[in-house]
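In: Sequence first, then the predicted structure, then my questions.
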Amino acid sequence: MENISFSIDLELSLNPFFIPSGAKYPIFFLGLFIYIFCLFCNMSLLLLIIMQQSLHKPMYFILLSLPLNDLIGITAMLPKVLSDIVTETNKIYYPLCVLQGFLLHMYAGALLFILAALAFDRYVAICLPLHYNSLMTPRVVVSIIGLVWGLDFALIASLFSLQDKLPRCRTHIMNVFCDNPSLVSLTCANTVINNVVGLLYTAIMQIISVSIQAFSYIKILLTCLATSRSEAKSKAIKTCVTQLVIFLIFEIVGTFKIISHRFTNVSTDLQKIMGMLIFTVSPFLNPVVYGLNTSEVRNTFLRVLRRKIFA
């Protein structure tokens with residue numbers, strides 16, 4: 001097939017959901033509610049940590065990356081999908097498609113690394129409490145945050161630079177949003193290297209994140225079992241369980257999304273829905289688990305709220 005010149009004004013077509021006409025607006029308003037809720041909760045958590053001096057601690061400086069990342073992920077995907085549901089245009093310019101895919105992959109990779117960094121912080125706080133301040137110094141915290149975003153950017157940027165070199169012969173994206181596999185599928189050339197590198201980078205991110213979290217949570221569990229203080233034990237276990245639930249939901253949905261592409265009998269709409277859940281479930285749950293479920297954040301938020309109301 002003839003190669004296509006991918007210029008700035010070239011439009012790609014997306015593969016929309018099959019939505020009955022009567023369900024279009026209910027689905028749109030449900031999605032809009034989810035988006036507004038995620039925006040409000042993550043912006044509130046972000047501003048609360050930035051503006052409240054009492055939350056200027058190592059854990060919350062690391063936590064600051066989580067709502068920021070959630071805002072990137074859900075904003076890169078959901079508004080475009082909701083717009084296409086109403087307008088039924090299902091078109092996107094090539095540069096915007098690349099940008100959307102890049103941001104979505106940045107979000108997924110950063111989420112794995114941020115959860116690992118938060119797990120490590122909890123390990124130091126619970127297992128090495130007397131050394132916490134000497135270990136989690138401002139310099140170490142800045143290095144952790146820089147490593148999270150720097151490593152994520154380096155891996156995703158190199159992945160997208162690799163697919164950008166491929167010749168193109170198609171203009172149809174087999175998804176409701178753009179990602180690296182969708183962009184790679186636009187080529188008629190051999191994509192073995194791209195597939196191998198993509199799987200390799202996914203494995204690197206997973207191994208780093210799972211290893212750090214497994215080490216941290218096993219150490220925390222052992223420390224909790226060894227302590228005689230039931231209150232401290234229950235508090236630590238509750239913190240770890242809620243954080244693990246977020247990670248496991250992300251992993252289960254992400255694994256299904258990756259595996260489902262290898263089976264032809266899996267519904268394409270189901271694949272699209274599971275793909276969207278990757279970028280909506282975590283931004284929806286994270287502010288609750290890491291915000292309202294954390295007593296210090298919750299108490300600070302309520303104190304600020306009461307101050308604003310009675311002012």
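Out: Nice, thanks for sending it over.
In: does residue 145 sit in a helix, a strand or a coil?
Out: Following DSSP: H, G, I helix; E, B strand; the rest coil, residue 145 is assigned to helix.
In: what's around residue 150, how many residues?
Out: 12 (other Cβ atoms under 10 Å). For every residue, glycine as well, the C-beta is placed using N, CA and C.
In: whoops, I mixed them up, residue 151
Out: 16.
In: ok, it - contacts?
Out: residue 113 (Cβ atoms under 8 Å, 6 or more residues apart in numbering).
In: Which parts of this structure are strands?
Out: All strands of the chain, identified by DSSP state E, fall at 11-14, 91-93, 172-173.
In: Let's have these in JSON lines, adding distance to residue 82.
Out: Output for these, formatted as JSON lines (distance: least, Cβ to Cβ, whole Å):
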{"stretch": "strand 11-14", "distance to residue 82": "13"}
{"stretch": "strand 91-93", "distance to residue 82": "14"}
{"stretch": "strand 172-173", "distance to residue 82": "17"}
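In: Export those as JSON lines, with columns for distance to residue 179 and mean neighbour count.
Out: Converted to JSON lines, these look like this (distance: least, Cβ to Cβ, whole Å; neighbours: other Cβ atoms under 10 Å):
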{"stretch": "strand 11-14", "distance to residue 179": "11", "mean neighbour count": "17"}
{"stretch": "strand 91-93", "distance to residue 179": "12", "mean neighbour count": "16"}
{"stretch": "strand 172-173", "distance to residue 179": "9", "mean neighbour count": "17"}
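In: Save the ones you listed as a markdown table, and put in mean pLDDT too.
Out: Listed next are the strands of the chain as a markdown table, based on pLDDT from 0 to 100:
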| stretch | mean pLDDT |
| --- | --- |
| strand 11-14 | 88 |
| strand 91-93 | 91 |
| strand 172-173 | 88 |
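In: now for the ones you listed, which one comes closest to residue 119?
Out: strand 172-173 (35.1 Å; Cβ to Cβ).
In: chain center to that closest one: distance?
Out: 24 Å (Cα atoms, centre = their mean, to the nearest Å).
In: Are there helices or strands packed against it, and which ones?
Out: Applying 3 or more Cβ pairs under 8 Å, 6 or more residues apart in numbering; DSSP states H and E, we find strand 172-173 packed against strand 11-14.
In: ok now the strand it packs on, how far from the chain's centre?
Out: For strand 11-14, the distance to the chain centre is 25 Å (Cα atoms, centre = their mean).
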